[in-house]
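quick check, what structure comes out for this input:
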Amino acid sequence: MKKIHHFTLKGMRLLKQTNTVNTRHHNLILTGTMITHSNKPVKIPAQAFSCSNFDGINEYAKVLYNQGKFKEFIDILCNERRFKDAVDTLVLLEQRGVGLDSHIYERLLWDCIHKKALTEVNIVRASMNKNGFEPGVFLGNRLIDMYVKFGNLCDARQVFDKMLIRDVSSWNTLITGYIRLGYFKEAEDLFEAMPERDVVSWNVMTVGFAKCERLEDARQLFDKMPERDEFTWNSMISAYARHGYNHEAIDIFCGMQRAGMKLSNFTFASVLSACASERAVDQGQWLHGLSFVAGFESNIFVSSALIDMYAKCGRLKNARQVFDRMTERDCVSWNAMITGYACHGYGEEVLHLFWQMNHAGVKPNEFTFVSLLGGCSCVSAAEQGKQIHAHVMRTGFGLNIFVQSALVDTYVKCGRIEDARQLFDKMTEKDQVSWNGMISGYARHGFGGAALKLFGEMQAAGMNLDEFTFTSALGACAVLPAMEDGKKIHGHIIKMGFESTIFVGNGLIHMYTKKGSMDEAKSVFSQMPQIDEVSWNALIGGYVQDGQGEESLNLFSQMQQAGEKPNEFTFANVLRSCACLASLALGRKIHGNIIQIGLESNIYVGSALVDMYGKCGSLDNACQVFDMMSERDLVTWTAMISGYAQNGHGREAIQLFEQMLLAGTKPDEVTFIGVLSACSHAGLVDEGCHYFYSMSKDHHMKPKADHFACMIDLLGRAGRLGEAGDLIDKLPFKPDATIWGALLSACRVHGNLQLGKHAAESLIKLEPQNAATYVQLSNIYAAAGRWEDVARIRKMMKDLGVKKKPGCSWIEVKKNMHAFVVGDRSHPQVKEIYALLEELLMQMKVAGYVPNKNLMLLDAD
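Here you go, the predicted model:
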């Protein structure tokens, strides 16, 4: 024998390959823990191995086993990662009464823990307990950590309690387990019992409190900490930002900076997230400068957070600058920019950016597709949506529930309801978002019955109903004629406790106002524990829609007194009230409020101002507002055209319509009503006919009842009653009350008894309780001297219980509205008013005015 070496792991790997070990210069004979060298090869006998439970064991391991070298044998099994075989050996040796030392247990326990072999760990632990062995601090801590990760706190606590010696890590590990599994009281008790704490101990408890939204407790611990590291500061910033306490997150960041702590990319990303949520663009720009100074300008993590911050603050130009300067972009970077464009309605940019991302070879994820589909929805790009759908299927996201829900939403918003429903029905798994999206889509496009049917299916499927579900269902009820469904949904809302939710409360107000049930809407509004601007706007708009202009203005005053700041929708509704009441002075006052708030450039408000001034007869003001608008949409053009039409400026209305077409704005049905009305009031028959026929010829629109009514009024005013009658006969649908009413008015003006009688009889069939029809027919008879027919009409009204509502007019004097009803003498200045009327009548007679008394016979009952 020349030399003795200790047995090495390298030698074991060599012996694992063959039973006969022959080297280039010498042979190895393994004896126990030593290697001897000789000049002859040694054959290791295999027949002596008596443990037949382990297949594939190399010959040297068998020799060790047969020689009683169990420690070395188990070492080999562990090195070969045969932990189950090693534990089986342990059990077999115990059954044979072989005594084992602590090394075997520690080696085996360590490897099983490392492997996360829970079953084997429990066997080894049981054997150790049986033989009086306890793991040391290091192994004990690893055991606690493993049990914690498996969620087995009972065994973790048992190991902890049996440990004769514990270090800080022992306590920290168990406290972490309690917090991770939601046992905060036990974690607090353990923390208070700690003999000593390090910064990790404080961090564990602080982060634990933050995760369970106990931010005040987290802050108290943070303030008490004797020592803080970067993780401490970053955790607090992240916790505040994650739970919406953005100001606090920014304050902690400033404190971190004052403390001289090192700022990391994680620090900047967390505090930029807070700025994004708070829309604090000034602080975000300051952080941008700090990140540049700190050397994080090219950091992909920080750059993505900057893009997100700028995008959410509406600074898309700045976001794009950061994006374009990035030398490297990942999926998160692309998603941040795509999402920014999508949220602000830049659908075309979204699609363009996606194709760039695809060309750059960056693989999209589900968030990419969700944002991308949102961009398609913004521009109603149904065809692009279909292309994205195909891309979704190719990239393997076709079954992703978030992407599927986004696809349903895109098809719905693009008006492809059938495609949306087809995709919805194919979804193997549906969540609340997909159900709500489909119900909302049906309601938005007027399919109230289908929406409520799907709402019932959602209930039958056992899905949880949330506030969005109920709001969508209420939207469906709003488009249905009957009130019963809405009442049922309201009862269901009360039963499930959603009546106090502001989102649902607003949905109820909207539903009731659409139905004209203003008392119920006001009741819901009054009982809401919290009211926002949407609540006020919904009720104000409801009063306007119901023709209760004064109520809407009173509610607007209450809104201001309550300290609620009106927005563009509030002012649009209030201006509509002013228009309905013809209250020019109040409209001008509200215009002043709009300028003070800074909403005069808002296209929605500008259009409402044009409409208000036009309906109040102040065309100069309407034109001034219109000309000052930097941006105009279809509503703006239509409001100005209608203003000209209502005030008899037909030529100007037509000229403006032609300017609109040259500006590239496409008209809709409402625009054509304004144009045709303008032609009617100005007697522009040929022009009116041209624009009427151009609807279908040039603009691919089918004229509706209102357009035909305008044409009949146009022809009737011009005395071309025969053409008006022929047009009615050729209608593609049954004429409604508006059409017959237009013809009847023309017949009264031109004294056409036969056609007027036919129109009146048709109207009475449609609206038997409308007194205006009987009055007009009676006046036609009176003008023709047919007094018996006048008396017959009067008797018919009496028998049917039809009563003519007294006429009403009002005038605004010195910001006060004065209303006058026929026969009413309750005004405090009635004597002065009638005296002035008598004087005016005398002056009229002197001027030669002779009243047409034939038209007054039935107006006074």
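
for the host helix or strand of residue 387, name the packing helices and strands.
If you go by DSSP states H and E, residue 387 is part of helix 382-394. Contacts defined by 3 or more Cβ pairs under 8 Å, 6 or more residues apart in numbering; DSSP states H and E place helix 382-394 against helix 366-378, helix 401-413. Bear in mind the C-beta positions are built from the backbone N, C-alpha and C, glycine included.

do that again at 10 Å, thanks
Judged by 3 or more Cβ pairs under 10 Å, 6 or more residues apart in numbering; DSSP states H and E, the packing partners of helix 382-394 are helix 347-359, helix 366-378, helix 401-413, helix 417-426.

looking at these, which has the lowest confidence?
For the helices and strands packed on helix 382-394, the weakest mean pLDDT is recorded on helix 366-378, namely a mean of 75.

mind telling me what element residue 740 is part of?
Going by DSSP H and E, residue 740 is in helix 737-750.

to clarify, my last question referred to residue 810.
Applying DSSP H and E, one finds residue 810 within strand 808-813.

same deal with residue 226?
Assigned by DSSP H and E, residue 226 falls within no helix or strand.

residues contacting it?
197-199, 202 (Cβ atoms under 10 Å, 6 or more residues apart in numbering).

among these, which are in helices?
Among the contacts of residue 226, DSSP state H puts 199, 202 in helices.

most neighbours among the contacts of residue 226, please name it.
Greatest neighbour count in the contacts of residue 226, by other Cβ atoms under 10 Å, goes to residue 202: 21 neighbours.

in this structure it contacts residue 196, no?
No - using Cβ atoms under 10 Å as the test, residue 202 is too far from residue 196 to be in contact (11.7 Å).

next, the distance between the ends of stretch 138-158.
Taking Cα to Cα, to the nearest Å, the first and last residues of stretch 138-158 lie 16 Å apart.

for it, buried residues please.
Residues 139-148, 152-153, 155-158 are the ones in stretch 138-158 that count as buried (16 or more other Cβ atoms under 10 Å).

for residue 461, which of the helices and strands packed on helix 382-394 is the nearest?
Closest approach to residue 461 among the helices and strands packed on helix 382-394 (Cβ to Cβ): helix 417-426, 12.3 Å.

give the buried residues for the following helix or strand past the closest one.
For helix 417-426, the following helix or strand on the C-terminal side (DSSP H and E) is helix 432-444. Neighbour counts over helix 432-444 (16+ other Cβ under 10 Å) mark 433-444 as buried.

for residue 289, state which of those is nearest.
Distance to residue 289, by Cβ to Cβ, is smallest for residue 433 among these, at 39.0 Å.

so what's the closest one up against?
Contacts of residue 433 by Cβ under 10 Å, 6+ apart are 401-402, 404-406, 408-409, 466, 468.

can I get the buried part of these as one ChimeraX selection?
In ChimeraX syntax, the buried subset of the contacts of residue 433 is picked out as below (16+ other Cβ under 10 Å):
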select :404,405,406,408,409,466,468
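
ok, back up a step: tell me the one of the buried residues of stretch 138-158 nearest residue 786?
Nearest to residue 786 among those is residue 153, at 99.6 Å by Cβ to Cβ.

hmm, back to that, show me how far the helix holding residue 740 is from its chain's centre.
49 Å (Cα atoms, centre = their mean, to the nearest Å).

that one: what's the following helix or strand?
helix 753-766.

strands of this structure, residue ranges please.
For the chain, applying DSSP state E gives strands covering 4-6, 27-31, 34-38, 808-813, 816-821.

show me where pLDDT drops low in the stretch 751-861 of the chain?
Along the stretch 751-861 of the chain, segments meeting pLDDT under 70 span 812, 814-817, 852-861.

one step back: restricting to C-alpha, output the helix holding residue 740 in PDB.
In PDB, the C-alpha atoms belonging to helix 737-750 read as follows (Å, rounded to 0.1, in the frame of the first residue of the first chain):
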ATOM      1  CA  ALA A 737     -99.900  61.300 -35.300                       C
ATOM      2  CA  THR A 738     -97.000  63.700 -36.300                       C
ATOM      3  CA  ILE A 739     -97.600  63.200 -40.000                       C
ATOM      4  CA  TRP A 740    -101.400  63.600 -39.800                       C
ATOM      5  CA  GLY A 741    -101.000  66.600 -37.500                       C
ATOM      6  CA  ALA A 742     -98.700  68.300 -40.000                       C
ATOM      7  CA  LEU A 743    -101.300  67.700 -42.800                       C
ATOM      8  CA  LEU A 744    -104.200  68.900 -40.600                       C
ATOM      9  CA  SER A 745    -102.400  72.100 -39.700                       C
ATOM     10  CA  ALA A 746    -101.800  72.800 -43.400                       C
ATOM     11  CA  CYS A 747    -105.400  72.100 -44.200                       C
ATOM     12  CA  ARG A 748    -106.600  74.600 -41.500                       C
ATOM     13  CA  VAL A 749    -104.300  77.300 -42.900                       C
ATOM     14  CA  HIS A 750    -105.400  76.800 -46.500                       C
END
